[in-house]
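Peer 1: Below are the sequence and a predicted model for it; my questions follow.
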Amino acid sequence: MKTIKLGIVGLGTVGTGVVRIIQNNQQKILATSGCQLQIKTIVVANLAKQRHIDLEGIKLTNQIADIVADDEIQIVIEVMGTIDPAKSYIEALLDSGKNVVTANKDLLATYGNGLITHAQENHVNLLYEASVAGGIPILRTIATSFAADQITSVAGIINGTSNYILTQMSENELTYNEALQQAQELGLAETDPTNDVSGKDAGYKMAILTQFAFGVTVPLENIFVAGITQITKADILRAQKWGYVIKLIGQARPVDDKLSVSVEPMFVRKDHPLATIKNENNAVLVTGSSVGEVMFYGAGAGELPTANSVLNDVLATVKDLQLQQTGAKFNNFSRTTDLLVAQQQKNHYFLTLVSKDDSRVTITSNHHKHQQTLSKQKNDLATELSYQTKPISVQQFRTMVEKLKGTEKLTITAAYPLLD
Ligand code: NDP
Ligand code: HSE
């Protein structure tokens with residue numbers, strides 16, 4: 001029986017989950033890999049912090065050099081997050097011949113290509129399944145099970161925190177702040193949750209997902225990103241009234257012969273598969289020209305689901321070590337294509353408008369698709385209309401909204417892109 005020694009950098013939500021799974025599932029790990037995993041050293045920031053986990057036999061340190069210089073450690077799990085100093089830590093680990101498994105989407109989306117090359121030059125693995133959609137094994141599935149198919153679109157809910165907040169606001173009457181606090185207490189949110197609610201975290205994940213699905217490296221400035229901070233309870237109720245739910249949707253798809261990548265809150269029809277995804281769960285809907293639509297669903301954040309994805313990468317590396325074939329890229333698909341600039345992403349938009357008198361309103365716009373008087377608000381005699389545009393860009397949409405705001409007879413009550 002061979003023992004593989006591990007180092008871990010970070011012992012927060014995910015790091016703790018990794019330790020727990022290794023301790024609880026030794027027998028299964030041995031049966032499936034033929035090896036025993038032994039955690040030798042864990043690097044943390046604060047040595048004085050109380051840890052609610054059994055660390056007997058494990059060295060706790062605040063010095064990355066304790067792992068970098070240890071020739072016995074073959075695989076290192078980076079779950080400390082953020083870019084600095086995680087990037088320099090990982091570079092030092094790769095240079096010292098260690099295989100690295102990470103959950104760090106910020107880093108992979110921003111410096112992924114350089115780090116992947118760095119790993120290849122050192123003939124070691126750099127795997128990052130947990131960086132996208134937490135417990136859903138989406139990256140390896142796309143890399144292996146779609147290898148012969150042409151993916152034509154990817155759409156998903158890929159931030160657990162924002163989906164948790166939207167679900168709690170819509171179903172449990174929680175305020176935005178109350179729901180965010182709960183997401184933090186549950187270990188779903190980033191240490192600083194700004195990126196979760198601004199859409200940036202999902203933007204990072206879309207960059208990685210797009211690389212796997214379309215073989216294309218997307219600079220972050222090409223991804224249109226909007227978050228959930230401006231969504232009000234009134235928006236959520238209005239969406240429900242018109243047969244929709246509001247979800248933060250990440251999408252990558254061809255538009256006008258270019259690849260469009262976006263993250264934004266959208267109106268999603270109540271009967272759409274993505275409308276049913278609640279709380280911290282994520283789902284990724286992949287469309288392949290041969291296979292059609294396939295949806296992957298599961299916990300998108302949280303201690304054990306994320307740690308499970310980390311351990312899948314660890315065990316894939318154990319296998320590569322046994323076969324002496326470390327150093328292959330996680331995803332081999334690579335091609336070039338034109339990318340749409342962020343402000344040119346196109347959507348159908350759904351607007352609800354209140355007419356201040358009871359007359360039918362005519363909206364003069366080239367983008368007018370249909371107009372209906374759908375409900376009358378009896379109290380103030382105002383009539384609420386819905387209006388769905390043809391596919392228009394973010395810029396065209398903003399111009400249209402400004403024009404409508406100048407119409408004295410109308411008030412815009414909600415304006416959101418529609419998920420097709
Ligand atoms: P936490 O904030 O819970 O934990 C971070 C850990 O990193 C802490 O143990 C902290 O030490 C340690 N740390 C911070 N700075 C340093 C440093 N300079 N040197 C050494 N250790 C340091 O984060 P999470 O576990 O939630 O997330 C970890 C990573 O996993 C992030 O990249 C995150 O984006 C990603 N991820 C998280 C998911 C989740 O559900 N939470 C899901 C998917 C990915 P100390 O304990 O001493 O403060
Ligand atoms: N903060 C992230 C989320 C963790 O809420 O989805 C998983 O990447």
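Peer 2: Noted; the coordinates are in hand. Ligands and ions are numbered 1, 2, ... in the order given.

Peer 1: Quick one: end-to-end length of stretch 142-162, please.
Peer 2: Stretch 142-162 has an end-to-end distance of 24 Å (CA to CA, to the nearest Å).

Peer 1: how about it against ligand 2, any contact?
Peer 2: Yes. Counting by CB under 6 Å from any ligand atom, contacts between stretch 142-162 and ligand 2 involve 159-161. Placement of C-beta: from N, CA and C, glycine included.

Peer 1: Need the residues you listed in JSON lines (columns: neighbour count).
Peer 2: JSON lines is the format used below for the residues of stretch 142-162 next to ligand 2 (neighbours: other CB atoms under 10 Å):
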{"residue": "Asn159", "neighbour count": "35"}
{"residue": "Gly160", "neighbour count": "29"}
{"residue": "Thr161", "neighbour count": "27"}
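
Peer 1: Among those, which one sits closest to Leu107?
Peer 2: Closest approach to Leu107 among the residues of stretch 142-162 next to ligand 2 (CB to CB): Asn159, at 17.0 Å.

Peer 1: picking up where we left off before, which one of the residues of stretch 142-162 next to ligand 2 sits closest to Gln50?
Peer 2: Checking the residues of stretch 142-162 next to ligand 2 one by one against Gln50 (CB to CB), the nearest turns out to be Thr161, at 24.9 Å.

Peer 1: in the helix or strand encompassing the closest one, what's buried?
Peer 2: Using DSSP states H and E, Thr161 falls within helix 160-171. Neighbour-count burial for helix 160-171, counted by 16 or more other CB atoms under 10 Å, picks out 160-170.

Peer 1: Just give me the neighbour total for Val9.
Peer 2: Val9 has 25 neighbouring residues, counting by other CB atoms under 10 Å.

Peer 1: My error: substitute Ala183 in the last question.
Peer 2: Residues near Ala183, counting by other CB under 10 Å: 24.

Peer 1: repeat for the one 3 residues further on
Peer 2: Applying other CB under 10 Å, we find 17 residues neighbouring Leu186.

Peer 1: Report pLDDT for it.
Peer 2: Model confidence at Leu186, given as pLDDT, is 97.

Peer 1: Please report how far it lies from ligand 2.
Peer 2: 10 Å (CB to the nearest ligand atom, to the nearest Å).

Peer 1: That residue against Gly300, yeah?
Peer 2: No. Look at Leu186 against Gly300 with CB atoms under 8 Å: they stay out of range, at 12.0 Å.

Peer 1: Find the residues that touch each one of the two.
Peer 2: Listed as contacting both Leu186 and Gly300 by CB atoms under 8 Å, 6 or more residues apart in numbering are Glu280.

Peer 1: one step back: redo the residues of stretch 142-162 next to ligand 2 as TSV? Include distance to Gln36 and pLDDT.
Peer 2: Conversion of the residues of stretch 142-162 next to ligand 2 to TSV gives the following (distance: CB to CB, whole Å; pLDDT from 0 to 100):
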residue	distance to Gln36	pLDDT
Asn159	36	98
Gly160	32	98
Thr161	35	98
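
Peer 1: what's downstream of the lowest-mean-pLDDT helix or strand in the chain, the next helix or strand?
Peer 2: One helix or strand of the chain scores below all others by mean pLDDT, DSSP states H and E: strand 368-377, with a mean of 42. Once the chain leaves strand 368-377, the next helix or strand it forms, by DSSP H and E, is strand 382-389.
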